[in-house]
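> I need the structure of the sequence given here:
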Amino acid sequence: MAEAALLSLLKVLGKLVIQHVNFLQGFEGQVLQLKDELEMMQCFLKDAARKKDKDERIRKWISDIREVAQDAEDVIETCILKVDTQTRSEGSLIRLTKRKYDIGEAIESIKGKLAQIDKRCVRYGIQNLNEGIASGSSSSAREVVDQMRRVELYPWQKDKHVVGLKEDTKLLLENAISDKVAREGLFIASIVGMGGSGKSTLAKLVYNHDEIRSAAARFCCLAWVCVSNEFNPKDVIKRLIQQVKKFCQEQLEDMDRKELSGLKHELYEHLKDKRYFIVVDDVWEREHWELLEDAFPDQGTSSRLLLTSRNKDISGRARYVYEMKFLDPKQSWELFMKKAFIENNEGTCPQDLVSVGEKIVKKCNGLPLAINVVGGLLIDRNPSQFKWERVWRQIDYHFGTMEGSVSQILELSYQSLSPELKSCFLCLGFFREDVTISAQKLVQVWIARGLVQQYGNTEETMEEIGGSYLFELINRNMVQVKNMSKDSGRVKSCYIHDLIRSLSIRKAEEEISFQIIREGCDSRSLRKNRHCAIYGSSGRNPNYSAGESKYIRSLFFHGSHKETIDVDPSYWKKFELLRILDFEDFKLKIVPDSIGTLSGLRYLGLRNTYILKLPHSLGSLKNLEVLDVAKNRKMQVVINVICKMDSLRHIYMSRHKTVERSLVTNTLNNLQTLMGINMKSSMLVVLAQITSLTKLGLNLDEEESFDCSLENLVRVTQFKQRGKLNSLPSATYFPPNLSSLTLVKARLREESMAVLEKLPKLACLKLDCAYKGGEMVISNEGFPKLKVLILRGLKNLKNIHVDEEGGGIPALERFKTSECTELDLGQLPKVLLRSMNTTNDH
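Sure thing, here's the model as predicted:
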């Protein structure tokens with residue numbers, strides 16, 4: 001399929017027309033004509049994709065279009081970048097005229113190549129590709145976006161739809177968890193079955209069951225870790241340690257430096273006197289498990305280990321093996337109804353759809369993943385027999401030539417996506433297997449790639465439009481929700497099934513020239529690749545020639561690399577079209593000055609690295625939209641360098657040492673997120689001028705009082721502040737539309753609650769070691785909109801008083817405490833008890 005390549009080229013042409021209208025004078029008609037031609041061609045591609053598996057000529061036609069589109073995008077985008085750079089630096093008229101000529105020449109070349117492709121279509125009889133398009137095509141892009149706005153289809157509601165596992169859960173609890181099984185020693189059980197059969201779903205049902213969570217179960221340590229095919233034993237053990245122990249950032253950094261044996265010893269020592277229940281999910285090889293198993297003590301504490309795997313022989317020590325069964329026809333139909341009719345009909349099927357629905361379900365062979373995906377494919381407010389028959393024909397058509405019902409159903413679900421959603425789906429393979437993906441990062445990657453655009457005069461931000469794309473992928477069961485914001489219902493993180501990730505990688509390799517590069521890979525394989533995920537840990541510098549790297553748009557580094565990759569000052573100049581550079585969790589030490597040559601860079605991810613200083617050349621990145629340097633507490637950041645990057649939309653920091661010269665904010669007109677910045681309260685006056693902000697996180701350097709108002713920040717809905725405060729101002733000093741407030745180590749006095757409770761739109765309040773009073777009083781009509789109240793580490797707090805008769809916190813849904821050792825839980829007001837989720841350590 002060439003839809004993704006065409007869509008990308010169309011967006012580049014659209015940018016050329018909108019942002020460089022003066023530069024195009026004289027040949028803007030040629031650009032618009034080419035754009036129209038490509039849009040018409042895009043209409044034919046969807047139907048061609050359905051026929052390509054049975055016609056070699058169509059496969060070649062699609063491949064030719066993809067190659068022309070990608071080459072054209074390379075040439076035009078290179079010219080645009082050079083025009084932008086020369087315009088900013090007041091380049092000479094001669095150079096600008098040459099760029100204009102280059103673009104005109106490129107457009108004529110594209111039109112000539114497309115004309116040759118059309119001639120070959122006629123010569124070899126590839127015609128009438130659009131037969132059936134009128135009846136079989138999906139909605140237009142605008143209609144798809146409109147459908148995404150449907151509030152009725154909140155995707156996370158689907159996670160409640162589990163079918164056929166009630167008895168399975170009961171059997172596992174009786175045969176693997178109950179004290180009747182084994183009162184002493186470590187008991188290991190495993191759940192085995194093919195991919196998509198529901199192993200992890202069943203393990204989650206057990207993990208969250210009352211028999212595990214209740215006090216009677218006496219499990220004092222609970223943890224869940226996913227192993228995956230991309231096995232990294234150090235990472236697995238580290239994640240387990242982080243769940244069973246409490247750490248500060250410095251301890252986490254110390255853990256990074258330990259060898260595997262040291263990490264296993266640390267986990268063993270912590271667990272050896274405790275009764276624990278741990279799930280080790282998605283173990284692929286027996287050798288992987290054998291590298292982990294001696295980290296789990298067997299010392300008579302009646303602990304439990306539950307493994308999930310596709311391999312029946314994963315653990316020779318497993319005393320109970322549960323093999324997943326496929327759903328029977330009745331269960332399959334029940335699950336299908338819940339997925340296809342999540343919005344209406346209360347999960348019942350109109351009579352005219354029963355027959356074709358049964359045929360579709362039969363093709364799923366009782367596999368839950370296949371039913372989930374095809375059910376998501378058929379979600380519709382007004383389901384029709386015509387649409388269902390079309391889906392059935394497409395499934396049946398492919399089954400005659402390809403093996404495996406699941407892969408074909410996933411393929412069909414991919415083909416049904418709009419071009420925009422297809423392009424977004426292809427990015428899922430950029431991330432590591434079985435990793436939790438930040439929803440905001442995923443959307444920012446889509447934006448950096450140019451996949452999200454605003455329509456007309458819409459007031460929606462690109463982030464909101466990108467979020468709607470994510471909702472649609474979740475609705476279709478292509479992406480699963482991991483964590484949600486309790487106050488706003490916003491998706492915070494997500495994950496994908498490994499079969500769906502495999503589909504994303506396979507399609508990305510075909511559609512957008514994506515490649516996964518592992519340690520020792522021959523660099524010559526990078527030729528013409530445009531997106532790469534690089535895995536490595538030996539410290540070897542990746543080495544690409546200029547010809548191999550100049551096409552690359554995205555580079556994601558994964559691993560525990562601890563060396564600089566700054567080969568020489570000209571190194572990064574090779575990546576002239578690079579838009580995304582991500583080193584998150586990659587132990588990089590130095591960011592080279594030459595990074596300032598990446599004029600097209602939109603996203604720079606340096607979260608959780610070993611970097612101590614950012615180079616001044618960073619200020620040259622005029623197109624940079626996201627700078628993420630969080631979890632680098634030893635890093636020094638020069639604020640006025642950041643202020644030079646006038647396209648920045650999101651900045652993430654972590655209590656960095658900042659060099660504050662003159663903080664100039666008039667260049668940060670696009671900034672929406674500023675998290676983790678160190679400053680004195682006196683600097684708030686300047687910060688309050690950035691009225692585009694929607695999220696703000698501050699670290700006050702020393703004990704301070706607010707001495708300015710943030711009421712001008714009308715768009716800010718999330719505010720986090722770390723550091724001691726002498727006092728709080730009146731509620732009018734906070735952003736007026738604040739919905740989420742987090743205070744850390746603020747040491748507030750009791751009278752501060754009288755200020756906080758007057759915030760009119762506050763839905764979520766988190767106080768983390770932030771209150772030193774012994775009493776907390778919530779008065780009449782206090783916190784009118786508060787849904788979530790989380791208290792942690794309030795060592796002095798003994799009692800909470802709520803004026804319930806006067807309507808104190810009337811909307812509260814969730815109340816959670818942790819490490820509030822003096823708090824008298826027996827005397828809590830009823831409104832708190834009703835919404836309580838407590839993990840107090842007394």
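> so, low pLDDT: which residues of the stretch 151-300 of the chain?
151-161, 181-183, 215-217, 247-253 (pLDDT under 70).
> no no, the stretch 351-500 of the chain
Using pLDDT under 70, the flagged stretches of the stretch 351-500 of the chain are 381, 396-405, 455-456, 487-488.
> can you map out the strands along it?
437-438, 480-484, 491-495 (DSSP state E, counting those that start in this stretch).
> would you turn the ones you listed into JSON lines with distance to Asp168 and mean neighbour count?
C-beta coordinates here come from the backbone N, C-alpha and C atoms, glycine included. Output for the strands of the stretch 351-500 of the chain, formatted as JSON lines (distance: least, Cβ to Cβ, whole Å; neighbours: other Cβ atoms under 10 Å):
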{"stretch": "strand 437-438", "distance to Asp168": "28", "mean neighbour count": "20"}
{"stretch": "strand 480-484", "distance to Asp168": "20", "mean neighbour count": "17"}
{"stretch": "strand 491-495", "distance to Asp168": "22", "mean neighbour count": "19"}
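> tell me which of those lies nearest to Leu353.
strand 480-484 (26.4 Å; Cβ to Cβ).
> what lines up beside that closest one in the sheet?
Applying DSSP bridges, strand 480-484 is found paired with strand 491-495 (antiparallel).
> just the C-alphas of the partner strand, formatted as CSV.
Provided in CSV are the C-alpha atoms of strand 491-495 (Å, rounded to 0.1, in the frame of the first residue of the first chain):
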residue,chain,number,x,y,z
VAL,A,491,-6.0,8.4,28.6
LYS,A,492,-2.5,8.7,30.2
SER,A,493,-0.8,5.6,28.8
CYS,A,494,-1.6,2.7,26.5
TYR,A,495,-0.1,-0.5,25.2
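> distance from that strand to the middle of the chain?
Mean C-alpha position of strand 491-495 versus that of the full chain (Cα atoms, centre = their mean, to the nearest Å) differs by 6 Å.
> what helix or strand is Ile191 located in?
strand 187-192 (DSSP states H and E).
> against which helices or strands is that strand packed?
helix 199-207, strand 304-309, strand 320-323 (3 or more Cβ pairs under 8 Å, 6 or more residues apart in numbering; DSSP states H and E).
> ranking those by burial, who's on top?
When the helices and strands packed on strand 187-192 are scored by mean count of other Cβ atoms under 10 Å, the highest mean neighbour count falls to strand 304-309 (a mean of 25).
> can you list the strands that that one pairs with?
When pairing is defined by DSSP bridges, strand 304-309 lines up against strand 187-192 (parallel), strand 276-283 (parallel).
> the longest one vs helix 199-207, what angle?
Spelled out, it's strand 276-283. Orientation check (axes from the mean of the first three to the mean of the last three Cα atoms, to 10 degrees): strand 276-283 against helix 199-207 gives 170 degrees.
> how far out from the middle of the chain is the helix or strand that strand 276-283 is followed by?
Using DSSP H and E, the helix or strand that directly follows strand 276-283 along the chain is helix 286-292. Chain-centre distance of helix 286-292: 29 Å, with Cα atoms, centre = their mean.
> what residues does helix 286-292 touch?
With Cβ atoms under 8 Å, 6 or more residues apart in numbering as the test, helix 286-292 has contacts from 227, 231, 233, 236-237, 260, 264, 280, 283, 307, 311, 313-316.
> filter those residues to the buried ones?
227, 231, 236-237, 260, 264, 280, 283, 307, 314-315 (16 or more other Cβ atoms under 10 Å).
> what's around the residue nearest to Phe219 when sequence neighbours are not counted, how many residues?
Once flanking residues are discounted, Phe219 sits nearest to Phe277: 4.5 Å by Cβ to Cβ, 6 or more residues apart in numbering. Residues near Phe277, counting by other Cβ atoms under 10 Å, number 22.
> what do you get for the one 4 residues further on?
Here the count is done by other Cβ under 10 Å, and Asp281 has 20 residues near it.
> quick one: contacts for it?
Here Asp281 is in contact with 199-200, 203, 224-227, 307-308, 434 (Cβ under 8 Å, 6+ apart).
> and it, how far from Thr597?
43 Å (Cβ to Cβ, to the nearest Å).
> do the same with Leu832
Leu832 sits 57 Å away from Thr597, taking Cβ to Cβ as the criterion.
> ok, now Arg792?
Counting by Cβ to Cβ, the gap from Arg792 to Thr597 is 45 Å.
> of the two, which one has the most company?
The residue with more neighbours, out of Arg792 and Thr597, is Thr597; 20 against 16, by other Cβ under 10 Å.
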